[in-house]
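>>> Sequence and predicted structure are below.
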Amino acid sequence: RVRTVTQPVASSTVAPVPVSARTGRLPTQLPLHPLLLAAWPVLRLYGDNVNEFSLGELALPLATAVGLAVVTLLVLTLLWRQPQRAAIVTSAFVLPFLSFGVIAELLVPVWPNEPLFRAYLLALVIWLVILAAAMYFAAKLRGSLGRVTEALNLVSLVLVVVSLVPIITYELAARSQQPASSGSTQSVAVGADAQGTEGMRDIYHIVLDRYGSDDSLSVGLGIDNSAFTASLKERGLHVVEGSHANLERTAQSLASTFDRSLLEDLAERMGPDNPDWGPIYGLVRRSPVGSLLQDLGYRYFHLGSWFHLTASSDTADQVVRSGYLMDLQSVLWGQTAFDRLSFVADALVSIELDDIHRRMARTTLTQVEQLHEVVGQDGPKYVFAHLLVPHDPFMLLADGSMAPDQASFATQLDYANAELDRLLDVLLDGPEEEHPIIIVQADEGPYPAGYNPGDVDFDWETASDEAFVTKFGVLNAMYLPGPEGAAPVPTDLSLVN
């Protein structure tokens, strides 16, 4: 007899198998920490400088950093055949790579009197130790690999969230106030039948950053610059000896000058507690003065500095680039191991360190030469140049050579004076009827002793007279050719009125 065995009928419904059962990995164990740790230095850098950069500038460096992490993770996964192990090594590589400059600066006190590149070498050793340890533990971990991944995901997520707090707080505060797209821009009607540009003089508007008045330099720094200002008068320039800045920072001062106002209407619309600098930056990048002169028939040449605010212009007919740009992407790249270790390699073979300060100084040198090149362009033209001298970093001697161990505010002041003399020689050569209008100003004076630019609560109402004169006394010199320019200029003229 054949024994038959009745098999149970299979159910037509199959229960779904959870992802964790199919893969053996919980969603929280997905190796996301390399991407989060790559984003964190970018978000932290932006959050620390949220007033200086626009939100749109965040996209490219964030994509670059996260893209670096993705590529590294994919390559190591192909080599290791295990994403969680590869992720541990990726995090140990990417985070120190992107934060190398910060780590090195924290190590500077170890050798306070030694060259900075020794701190870079120590940071490199620490990075290699971290990387080696990560590779060792990633290879040795077995059953706890998932829990380690969860922990790293959690830590990296917390870092990202914490770095987002100042960014979100700033953006919410800025949007809670009534925005303003401009200040109290005054309009000047230009008739459609305006005469041609024949006989219109070129205009050169040169801003020397932190170039104080004679009183400012004497009181604040003990520098006697009277011989140079006297030479300007001998050339026919009006030097406003009592001139002063109206506002504290470069952005505010330039916006005020370009808008030909004290920004009072803008301040009233924005409110005293609004942290949004966008409208002020907009007045600099879309200069109302430049636009007005364009309406009158001028070509607007903008000579970009290394400072991101005046590096470009949204309205100029031609922006002349000068080299290094201190935007968010450049600042982030300057902190990476690749950028910093190139300095070490240069130093080991006795080549001058090409650090950010040298790039800034070289940009200023290039900017000066480009200013001379623009002189030959057809007019009428309005030429704006923001030169960051005698502003720090102190890299230049009077002859334009780089010597950071010898340079100071005084040497960069001498350099600015020499270059201004050289430019005036060119601009004032030839018959008087061809001379341009020349405006040489500062945006602010040098920092007085005890002043911290990061202290937003600094009380100028209780500051000493010496501090006030130092910070707000500025160079303001004008060459006004023609019969109209012979009229006396008020001795207390500010940068606006």
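Cool, got the structure. Residues are numbered from 1 along each chain as shown.
>>> switch to C-alpha atoms for all contacts and neighbour counts from now on
Fine.
>>> Would you mind listing the residues in contact with the closest residue to residue 473 other than its chain neighbours?
Closest residue in space to residue 473, ignoring its immediate chain neighbours: residue 244 at 4.5 Å, by Cα to Cα, 6 or more residues apart in numbering. Residue 244 is in contact with 444, 472, 473, 474, 475, 492, 493, 494, 495, counting by Cα atoms under 8 Å, 6 or more residues apart in numbering.
>>> Tell me who's in contact with the fifth one.
Think residue 475. 211, 212, 213, 214, 239, 240, 241, 243, 244, 440, 441, 442.
>>> show me where the stretch 351-497 of the chain has strands.
Counting by DSSP state E, counting those that start in this stretch, one finds strands in the stretch 351-497 of the chain at the ranges 381-387, 437-441, 476-479.
>>> of all these, which lies closest to residue 110?
Nearest of the strands of the stretch 351-497 of the chain to residue 110, taken as Cα to Cα: strand 381-387 at 35.5 Å.
>>> what's in contact with that closest one?
201-209, 290, 293, 298-305, 310, 364, 367-368, 371.
>>> Among these, name the ones in helices.
290, 293, 364, 367, 368, 371 (DSSP state H).
>>> how about low-confidence regions in the protein?
Residue ranges of the chain with pLDDT under 70: 1-28, 111-117, 174-196, 342-355, 453-457.
>>> Report the buried residues of the longest helix anywhere in it.
The longest helix of the chain (DSSP H) is helix 145-176. Residues of helix 145-176 classed as buried by neighbour count (16 or more other Cα atoms under 10 Å): 145-146, 148-150, 152-154, 156-157, 159-160, 163-164, 166-167, 170, 174.
>>> Same question for stretch 303-319.
In stretch 303-319, the ones that count as buried by 16+ other Cα under 10 Å are 303-307, 309-313, 315-317, 319.
>>> Over to stretch 55-71?
By neighbour count on 16+ other Cα under 10 Å, the buried set for stretch 55-71 is 58, 61, 62, 64, 65, 66, 68, 69, 70.
>>> Pick the one among the residues you listed closest to residue 270.
Using Cα to Cα, the buried residues of stretch 55-71 come closest to residue 270 at residue 58, 24.1 Å.
>>> neighbours around residue 369, how many?
Neighbour count of residue 369, defined by other Cα atoms under 10 Å: 14.
>>> Please renumber the chain so that the first residue is 522 from this point on.
Got it, first residue is 522 now, which makes that one residue 890.
>>> possible to save the contacts of residue 996 as TSV with distance to residue 654 and secondary structure?
Formatted as TSV, these follow (distance: Cα to Cα, whole Å; DSSP: H, G, I helix; E, B strand; the rest coil):
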residue	distance to residue 654	secondary structure
732	52	coil
733	54	strand
734	58	coil
735	59	helix
760	65	strand
761	65	coil
762	64	coil
764	61	coil
765	58	strand
961	58	strand
962	56	strand
963	53	coil
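>>> State the pair within those residues that is farthest apart.
Taking Cα to Cα, the two most distant members of those are 735 and 961; they sit 14.3 Å apart.
>>> Mind checking which of those two has more residues around it?
Neighbour count, other Cα under 10 Å: between residue 735 and residue 961, residue 735 has more, with 23 against 18.
>>> give the contact list for the spatially most central residue of the chain.
Nearest to the mean C-alpha position of the chain, by Cα atoms, centre = their mean, lies residue 847 at 3.9 Å. For residue 847, the contact set (Cα under 8 Å, 6+ apart) comprises 827, 828, 829.
>>> Equivalent analysis for residue 829, please.
By Cα under 8 Å, 6+ apart, the contact list for residue 829 reads 846, 847, 848.
>>> do that again at 6 Å, thanks
The neighbours of residue 829, taking Cα atoms under 6 Å, 6 or more residues apart in numbering as the test, are 847, 848.
>>> Check the gap between residue 1002 and residue 760 for me.
Per Cα to Cα, to the nearest Å, residue 1002 is found 14 Å from residue 760.
>>> ok, so of the contacts of residue 996, who is nearest residue 928?
Nearest member of those to residue 928, counting by Cα to Cα, is residue 732, at 16.0 Å.
>>> State the number of residues packed around the closest one.
What residue 732 shows, counting by other Cα under 10 Å, is a neighbour count of 28.
>>> Surely it and residue 962 touch.
No: Residue 732 lies out of contact with residue 962 (Cα atoms under 6 Å); the separation is 7.9 Å.
>>> picking up where we left off before, can you put the contacts of residue 847 in a markdown table and add distance to residue 969?
Output for the contacts of residue 847, formatted as a markdown table (distance: Cα to Cα, whole Å):
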| residue | distance to residue 969 |
| --- | --- |
| 827 | 24 |
| 828 | 22 |
| 829 | 24 |
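>>> Return the member of the residues you listed nearest to residue 951.
Nearest member of those to residue 951, counting by Cα to Cα, is residue 827, at 32.6 Å.
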